[in-house]
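Visitor: Let me see the structure of the following:
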Amino acid sequence: MYRAIYSFQCKDAGGLSFREGEKFTVLDQATDPHWWKVANDHGRVGYVPANYIQKETSKTEEVLKSIDNAMEFIHMAATSKGGVYTKDQRDTLQKLLEHRQLVLNDQSTGAPSQPSRTAPDLNSTHRTSTKTRTAPRPPSSGSPPPPSMGTKSSVESDTKGSEDKSDQTRNMSTKSRSAPPPPQRADVTPTETEVSSPPTELNSRESPTTSPVRSAPVAPNSTSSSVTSSPLRSPTRPAPTSPPMSPTRDQVIIPPRLGVELVEKVRVNTGLSHDKSQLAIATVICHMRDSVPGLADAMEVVLANLERRRTSSSSTLPLEGGHDQERLQVIFQELTECKDDSQQRSWALHEDERIITDHLQELITILSDADPKVCRAVIQQNHYEAIHDLVLYYQMELRSSLRLLLLKTFGALCGLDPEALSNLLSSILPVELARDMQTDTQNIQKLTFSALVCTMLLSSGEPIPYTHYDIFTEDFVTYLLDKIDDPPESDEDEQIPDLFVNLILAYNLHFRVPADNIVMKALAGRRTVKTFSEKIMLLVNRGEDPVRMFDHEPKPPDSLLKMMGDIFSSSDTSGIFYTNDMMVFIDIIIRQLNDLSSGDSVRTEYLSLIHSILMNTPYFDHRHRLDELQRVFAGINEEEGEESQQDKLILAEVKKLFPHDCPVRF
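Guide: Sure, this is the predicted structure:
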């Protein structure tokens with residue numbers, strides 16, 4: 001512990017004011033021999049003149065209490081700001097922790113306490129009054145040292161100040177700021193002039209154990225042994241046998257996969273998903289970084305490695321031979337054997353149902369919760385052989401409970417990888433699903449999952465194999481429309497109509513030419529599709545495409561806008577909407593045209609829809625909100641820039657559709 005022997009008032013940044021008798025813990029003596037970085041009992045940190053404080057003997061309990069008080073104040077200051085510690089606070093906490101450990105080590109070795117020093121002679125004629133004495137000016141950033149201080153020129157100071165950016169000189173650069181007059185070195189006998197100054201007289205009475213890093217003059221009988229003494233403990237004490245509390249950054253080696261391994265352990269031992277395990281590890285590491293300053297740099301490295309692996313587009317496995325990878329390989333192998341067994345027998349071996357159920361449930365959990373990179377790496381092996389084996393097994397498996405679990409597995413695979421979805425679409429699975437939906441209408445749970453998975457497969461808009469159209473016929477679309485108007489009685493939650501509407505929307509994405517569109521042919525052959533049209537209009541009003549389930553690239557067209565464009569492309573299908581529905585749709589279009597900006601492809605699609613409505617429906621019989629439409633058209637025509645050219649071309653065609661009795665105002 002050090003005690004202030006004078007009061008000191010500092011108005012410069014980085015300095016610490018104090019009163020006589022105040023106690024400090026020294027944090028840094030090496031940056032400047034004349035200015036020491038200290039922390040007081042209230043956790044305040046700053047630089048003080050070294051010749052204003054002196055070391056004193058204190059009980060171990062008092063030293064520990066002072067250190068703990070300083071640490072507590074730093075923790076409270078950080079807590080008041082959301083629990084985030086600054087770099088300075090972490091450095092200060094680390095030094096306080098190291099000092100505390102040194103004190104405890106000295107206590108455990110039973111070393112003798114530091115000898116007391118002679119108190120300064122307050123009546124000495126060599127000491128100036130504290131009222132008239134001027135304290136040495138602590139370093140202050142931005143001002144060159146005065147010539148009287150004997151420091152280096154301002155040009156040299158600025159050069160060195162720009163070169164030294166270490167943590168130790170972040171608050172105070174002693175190379176470019178003023179310092180008190182340099183005191184006599186410990187190995188030089190002071191002159192009479194030096195002894196006559198108050199600080200020199202005070203330091204001349206200090207014990208030979210005075211630390212040399214203060215660069216303060218010592219008594220003539222000081223020996224060279226004081227040069228090697230530690231600034232924080234008496235030279236008579238043995239060095240602590242334990243290593244420092246934390247190694248330096250150069251000594252800490254952080255394995256690059258440490259974060260990934262921690263996430264793996266949390267996932268295996270808790271059953272949390274990969275995302276939640278990653279969040280848990282990141283939360284703990286952040287807290288350790290902020291609470292234990294000595295670990296801050298190491299924790300930052302771990303966090304950086306985790307983030308780099310999370311955002312990496314590389315297909316390399318983050319952890320080769322991990323638990324999820326091994327389990328996926330085992331489960332796919334077991335299910336392949338079940339498929340082979342089914343090929344060899346014509347009956348279901350119900351004794352294996354429990355085993356297969358467990359495999360499928362675990363597979364669904366892993367595909368949903370594990371690291372997607374791990375799952376993709378496993379299913380991509382041997383050109384997606386595991387997926388094709390599952391499809392074959394679905395064909396041969398007759399047990400409804402197992403088929404239901406297989407459907408859930410296919411759904412998880414669709415969201416995992418676009419290539420997996422493409423392989424499933426090209427397989428026999430869509431045909432099996434369409435056939436099941438038409439034959440097994442009483443099992444509502446299986447019917448809903450079949451419709452959902454079939455919608456997932458068709459949602460990409462990718463062309464389907466030509467042979468699939470043998471099942472996906474006009475009759476199949478008509479069956480879906482019938483069930484939308486008249487769902488099964490066992491469908492108490494009325495899920496079937498919504499699922500079948502989504503399925504029709506997804507299937508319609510596969511037709512580029514309206515004349516060849518099987519969906520449009522089915523709609524044109526019906527007198528009414530009241531429920532279907534109402535549900536379509538409700539979805540359009542919400543503005544949410546129910547078919548866009550995944551973030552796979554390339555993104556398919558908006559299924560709702562394509563459906564409306566195909567319907568109004570012909571007078572044979574545009575009549576499925578009632579007049580009131582048409583008016584609601586006009587309101588939606590006006591709202592969208594007002595909200596969307598030039599160059600937006602969606603605005604162009606809405607303008608194309610208006611053109612189709614004016615051409616293929618009796619719009620001019622009711623002319624709903626025609627004046628507002630023309631004002632919107634006029635605003636688009638007044639726009640400048642090439643991004644509006646396509647929209648203006650459409651409006652030029654719209655003008656041609658206006659009858660003679662309806663003036664054009666755009």
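
Visitor: what about stretch 488-499, start to end distance?
Guide: One end of stretch 488-499 sits 13 Å from the other (Cα to Cα, to the nearest Å).

Visitor: Pull out the buried positions in it.
Guide: Neighbour counts over stretch 488-499 (16 or more other Cβ atoms under 10 Å) mark 491, 495-499 as buried. Just so you know, the C-beta spots here come from the backbone N, C-alpha and C atoms, and that holds for glycine as well.

Visitor: quick one: contacts of it?
Guide: Contact with stretch 488-499 is made by 441-442, 444, 447-448, 451-452, 455, 483-484, 487, 531, 535, as judged by Cβ atoms under 8 Å, 6 or more residues apart in numbering.

Visitor: Stretch 556-572 too?
Guide: By Cβ under 8 Å, 6+ apart, stretch 556-572 touches 459-461, 505-506, 508-509, 511, 514, 517, 519-520, 523-524, 536, 539-540, 545-548, 573-574, 576-577, 585, 602, 605-606, 608-609, 612-613, 616-617.

Visitor: And the buried residues of stretch 488-499, which is closest to Val391?
Guide: Val391 has its nearest neighbour among the buried residues of stretch 488-499 in Leu499, at 21.5 Å by Cβ to Cβ.

Visitor: Please report how far the closest one lies from Pro487.
Guide: 10 Å (Cβ to Cβ, to the nearest Å).

Visitor: before we move on, what about Val48?
Guide: 83 Å.

Visitor: With neighbour numbers in mind, choose between those two.
Guide: More crowded of Val48 and Pro487, by other Cβ atoms under 10 Å: Val48, with 25 against 21.

Visitor: Need phi/psi at His611.
Guide: With angles defined as degrees, to the nearest 10, His611 sits at phi -60, psi -40.

Visitor: check contacts around it.
Guide: 650, 653-654, 657.

Visitor: Buried among the contacts of stretch 488-499? Make that a ChimeraX selection.
Guide: One line in ChimeraX is enough to select the buried ones among the contacts of stretch 488-499; burial here means 16+ other Cβ under 10 Å:
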select :441,444,447,448,451,452,455,483,484,487,531,535
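
Visitor: and the one residue sitting closest to the centre of the chain, how far is that from Glu397?
Guide: The chain has Glu307 as the residue nearest its centroid, 7.6 Å off, counting by Cα atoms, centre = their mean. Here the criterion is Cβ to Cβ. By it, Glu307 lies 43 Å from Glu397.

Visitor: now do Lys339
Guide: 8 Å.

Visitor: ditto for Ser644
Guide: Relative to Glu397, and taking Cβ to Cβ, Ser644 is found at 57 Å.

Visitor: Likewise for Lys555?
Guide: In terms of Cβ to Cβ, Lys555 sits 34 Å off from Glu397.

Visitor: Same question for Ser450.
Guide: When Ser450 is compared with Glu397 (using Cβ to Cβ), they lie 14 Å apart.

Visitor: what about the two, which has more around it?
Guide: Ser450 (24 against 19).

Visitor: Any idea how many residues pack against Ala412?
Guide: Ala412 has 17 nearby residues by other Cβ under 10 Å.

Visitor: Now that it has come up, it's in contact with Asp369, right?
Guide: No. Using Cβ atoms under 8 Å, Ala412 is not in contact with Asp369; the gap is 9.9 Å.

Visitor: what's Glu628 in contact with, if anything?
Guide: Glu628 neighbours (Cβ under 8 Å, 6+ apart): Ile590.

Visitor: Any buried residues in the helix or strand containing it, and which?
Guide: Secondary structure from DSSP states H and E places Glu628 in helix 626-637. Going by neighbour count (16+ other Cβ under 10 Å), the buried part of helix 626-637 is 629-630, 632-633, 636.

Visitor: for these, which one is nearest Leu295?
Guide: Ile636 (60.2 Å).

Visitor: Now the terminal residues of stretch 534-553, how far apart.
Guide: For stretch 534-553, the end-to-end distance is 31 Å (Cα to Cα).

Visitor: mind checking how far it is from the chain centre?
Guide: 28 Å (Cα atoms, centre = their mean, to the nearest Å).

Visitor: Residues in contact with that stretch: which ones?
Guide: By Cβ under 8 Å, 6+ apart, stretch 534-553 touches 414-415, 418, 421, 455-456, 459-460, 484, 497-498, 501-502, 505-506, 509, 555-556, 558-560, 563-564, 577, 581, 584-585, 588.

Visitor: And for stretch 590-600?
Guide: Counting by Cβ under 8 Å, 6+ apart, 602-603, 606-607, 625, 628-629, 632, 636, 639, 641, 643-644, 647 sit against stretch 590-600.
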